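> this is a predicted model, with the sequence first.
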Amino acid sequence: MELTKQFARFIAETQFKDIPAEVIQTAKERVLDTVGAAIAGEQTWESKAQFLKACEQLGTGIYAPWGNREKKYPLARAAMINSTYAHAVELDDGHKNAGCHAGAVIVPTALALGEALGAGSQEILSAVIIGYEVVYRIVEQMTPYQIQKGFHPSGNCDVFGAMAVAGRLMKLTEEQIANGLGFAGLFASGLMEATVSGQQNKCIQVGNAAFNGVTAACYAAENLEGTVTVLEGKTGFFNAEARDVNIAKVTEGLGRDYRIADTYSKMYPTCRHSQAAIEAALDLAAENGFGWQEVKDIWVGTHQVAYDLTGVIKEPVSAAEAKFSLAYGVALALHEHGVGTGHLTPRYWEDEINKQLANKVTVVVDPEVQAVYPGKRGARVRITLSDGRSFSKELYDLKGSPKNPVSWQDLVNKFKANVCSVFDDNEIYYMVDFIEKMEQPCDIREFCEVLHY
């Protein structure tokens, strides 16, 4: 049976009551984390005004994106806008080793369609879990070759998750869902070149996965025939974007072994590939009690993908470059004792101390770190002080990763930091409380109304 048909059966037949409690809890964490990231993106993304103006020229409708009460966009476009925001400041979650950010597309699509269709909270959670499952099972079999071939995993693989979410919430039949997944594969797009130029707008190609996924579901709802061999076919998705994909493993344990647990939460608004070095620098300074004034030089050994994406820029001149500069992130860790969205501004990247520290960072491809990639993504950091002392740390399991998880309260604190510029304490309490209790049947529309601030 084609993979699209196997996924279609899972999407159509999964019942909320059969999903393990720990999986439901993880889904609530993903909703909280992604909504917070999207609000931060809506508030701080430099290209928002131009982006919305462009979207206004691409069709009219009766739906509003988050941060807006003007109901003038088609549903697929509203979902796309929210998804774009969720990826805009690099605070969205991702797969532990496949370089894919599923939450930025899955959660906004589920909430946008759930609001439009009047779906209950349990159905929203089911759709979120299903969406992650489809994306992760596809992407984990494609790493590292998908990136090496130049394809952006989130832009490409998230379209399948968005279609799965839409197909579930629209109550499509198995046959329609399989056709929709077939269309989704034809619409998959996104290139890693977006991390080289146009970085500040890379998030648009991730948002586009939401638009294309909902579009695919709409075609399927009208019983248009899709390419059901789109994944494993001779000229299909796997052969085009990866190699040696184990087809049997894609759906092995489907409906029993849930992949959403393979998600990490980002604690810093930077490319994930720079975060091991940032966290190691923070740890070394805290554990050994030295200050930035004492630092002579910093050596970072990492894997090739991390070097290519984040190891070149030392003096960023934009928020986009700041998010993709390992050296700048390490400088902030040592001088500012942390990295937050506020550090993605000229005040900090033009700071002479941050510049000096960043230029003391040497980034290399470390054979030992490269040898364990992509199963592990991390870095080795060595900081040498002016008095000759040297401190080293090797780090793979960052805070927020599956093997080093953060608590619900940690995610609540991150959420508060992301949304406090928009909402007062009562509104924040309401949103956190609503998400925490989503497994209890309730109407999603009141919650979504708050997001149209």
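Arrived safely.
> tell me the helices in the stretch 351-453 of the chain, going along the chain?
In the stretch 351-453 of the chain, the segments counted as helices under DSSP state H, counting those that start in this stretch are 352-358, 367-371, 408-419, 425-436, 445-451.
> packing partners of the first one?
Same thing as helix 352-358. helix 326-335 (3 or more CB pairs under 8 Å, 6 or more residues apart in numbering; DSSP states H and E). C-betas here are computed from N, CA, C, even on glycine.
> closest to Y264 out of the helices of the stretch 351-453 of the chain?
With CB to CB as the criterion, Y264 lies closest to helix 408-419 of these, at 11.9 Å.
> report the distance from the closest one to the chain centre.
16 Å (CA atoms, centre = their mean, to the nearest Å).
> same check, this time on stretch 194-212
12 Å.
> spatially nearest residue to G155 (excluding sequence neighbours)?
Leaving aside its chain neighbours, G155 sits nearest to G190 (1.8 Å; criterion: CB to CB, 6 or more residues apart in numbering).
> tell me who's in contact with the one you found.
By CB atoms under 8 Å, 6 or more residues apart in numbering, the residues touching G190 are 151-152, 154-156, 205-206, 208-209.
> what about 7 Å?
Neighbouring residues of G190 by CB atoms under 7 Å, 6 or more residues apart in numbering: 151-152, 154-156, 205.
> about what we covered before: can I get the helices of the stretch 351-453 of the chain in CSV including mean pLDDT, distance to A12 and mean neighbour count?
Compiled in CSV, these are given as follows (pLDDT from 0 to 100; distance: least, CB to CB, whole Å; neighbours: other CB atoms under 10 Å):
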stretch, mean pLDDT, distance to A12, mean neighbour count
helix 352-358, 97, 51, 18
helix 367-371, 96, 42, 14
helix 408-419, 96, 31, 18
helix 425-436, 97, 26, 15
helix 445-451, 95, 24, 16
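> of all those, which one is nearest L169?
Per CB to CB, nearest to L169 of the helices of the stretch 351-453 of the chain: helix 445-451, 13.2 Å.
> which elements pack onto that closest one?
helix 103-117, helix 425-436 (3 or more CB pairs under 7 Å, 6 or more residues apart in numbering; DSSP states H and E).
> so the last one versus helix 408-419, what angle?
Taking axes from the mean of the first three to the mean of the last three CA atoms, to 10 degrees, one finds that helix 425-436 is oriented at 130 degrees with respect to helix 408-419.
> packing partners of helix 425-436?
Counting contacts by 3+ CB pairs under 7 Å, 6+ apart, helix 425-436 packs against helix 21-44, helix 408-419, helix 445-451.
> what about 10 Å?
Applying 3 or more CB pairs under 10 Å, 6 or more residues apart in numbering; DSSP states H and E, one finds that helix 425-436 contacts helix 21-44, helix 121-139, helix 408-419, helix 445-451.
> per-residue pLDDT, E115?
pLDDT for E115: 97.
> burial of G118, as a residue count?
Neighbourhood size, G118 [other CB atoms under 10 Å]: 11.
> likewise D257?
Other residues near D257 number 10, with proximity taken as other CB under 10 Å.
> for the helix or strand V159 falls within, which residues meet the burial criterion?
V159 is located in helix 153-169, with elements delineated by DSSP states H and E. Buried positions in helix 153-169, judged by neighbour count with 16 or more other CB atoms under 10 Å: 153-169.
> will you turn the helices and strands packed on helix 445-451 into a markdown table that also has distance to Q409?
Putting the helices and strands packed on helix 445-451 into a markdown table (distance: least, CB to CB, whole Å) gives the following:
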| stretch | distance to Q409 |
| --- | --- |
| helix 103-117 | 19 |
| helix 425-436 | 10 |
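> of all these, which one is nearest S401?
Minimum separation from S401 across those (CB to CB) falls at helix 103-117, 14.5 Å.
> what packs against that closest one?
Going by 3+ CB pairs under 10 Å, 6+ apart, helix 103-117 lies up against helix 21-44, helix 75-88, strand 94-95, helix 121-139, helix 153-169, helix 202-221, helix 445-451.
> again, 8 Å this time
Using 3+ CB pairs under 8 Å, 6+ apart: helix 103-117 touches helix 21-44, helix 75-88, helix 121-139, helix 153-169, helix 202-221, helix 445-451.
> not counting its neighbours along the chain, what's nearest A78?
Y63 (4.1 Å).
> apart from its chain neighbours, what residue comes closest to W349?
Sequence neighbours aside, P316 is the residue nearest to W349 in space, at 4.9 Å (criterion: CB to CB, 6+ apart).
> alright, calling it a day.
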